[in-house]
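J.: sequence first, predicted model second:
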Amino acid sequence: MVPDTAQWYVVRSKPRREEYAQDQLARRGVHTFLPRILESGLGGSPPVAGPLFPGYLFACIDLAVQYTRVVWTPGVRNLVAFGEVPTPVEREVIDFIQLRCGAEGIIHVVRTFHDGDAVRVTSGPLEGLVGVVEGQVSARRRVQVLMELLQRRTRVSVPVEMLERASL
């Protein structure tokens with residue numbers, strides 16, 4: 001239960017310990033929010049959810065009552081402050097981020113490509129090839145790419161997850 005006098009604050013965690021700090025704070029009855037973003041995997045590996053703000057998470061606390069409980073939590077470095085006193089984050093900012101995260105707390109980045117964009121295939125049998133987008137991303141999250149294959153221009157349908165922007 002979050003007290004009526006609680007406000008959101010930015011908690012600085014130890015390096016790569018955001019989830020650990022969140023778990024430890026939850027054990028101490030602190031309401032937290034760790035927004036994550038789905039990041040593309042390397043070399044065609046599946047995407048991985050990582051922190052939206054590496055090294056930071058949010059905690060909704062009554063500063064006068066819960067300050068020491070938070071700063072002495074394993075995995076936590078401190079509360080972000082501008083001056084001597086930790087600075088609260090406006091509720092609207094947290095609401096804005098939470099709306100984009102969905103129920104699972106993850107922001108899904110939707111790559112968009114436009115007609116004429118130069119792209120490079122990042123994985124699969126066409127890895128490394130460069131082409132030009134023709135049209136828009138389909139409902140199935142595929143895009144038509146015009147490529148030079150076997151000395152002729154060929155139109156290929158490629159999933160957007162396998163593309164990145166390139167320069168020609």
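T.: It's in. Numbers count the residues shown, from 1 in each chain.
J.: contacts, neighbours, all on C-alpha from now
T.: Noted.
J.: pLDDT weak spots in this protein?
T.: 1, 3, 39-45, 110-111, 168 (pLDDT under 70).
J.: can you rerun that using 80?
T.: 1-4, 39-48, 102-103, 108-112, 137-141, 150, 168 (pLDDT under 80).
J.: break down it into its helices, ranges please.
T.: Using DSSP state H, the helices of the chain run over 18-27, 63-71, 91-101.
J.: can you redo those helices as JSON lines with distance to residue 5?
T.: Below are the helices of the chain laid out as JSON lines (distance: least, CA to CA, whole Å):
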{"stretch": "helix 18-27", "distance to residue 5": "18"}
{"stretch": "helix 63-71", "distance to residue 5": "9"}
{"stretch": "helix 91-101", "distance to residue 5": "12"}
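J.: tell me which of the ones you listed sits nearest to residue 9.
T.: helix 63-71 (8.9 Å; CA to CA).
J.: hang on, the earlier thing: now the helices of the chain as TSV including distance to residue 137 and mean neighbour count?
T.: TSV is the format used below for the helices of the chain (distance: least, CA to CA, whole Å; neighbours: other CA atoms under 10 Å):
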stretch	distance to residue 137	mean neighbour count
helix 18-27	34	19
helix 63-71	45	15
helix 91-101	21	13
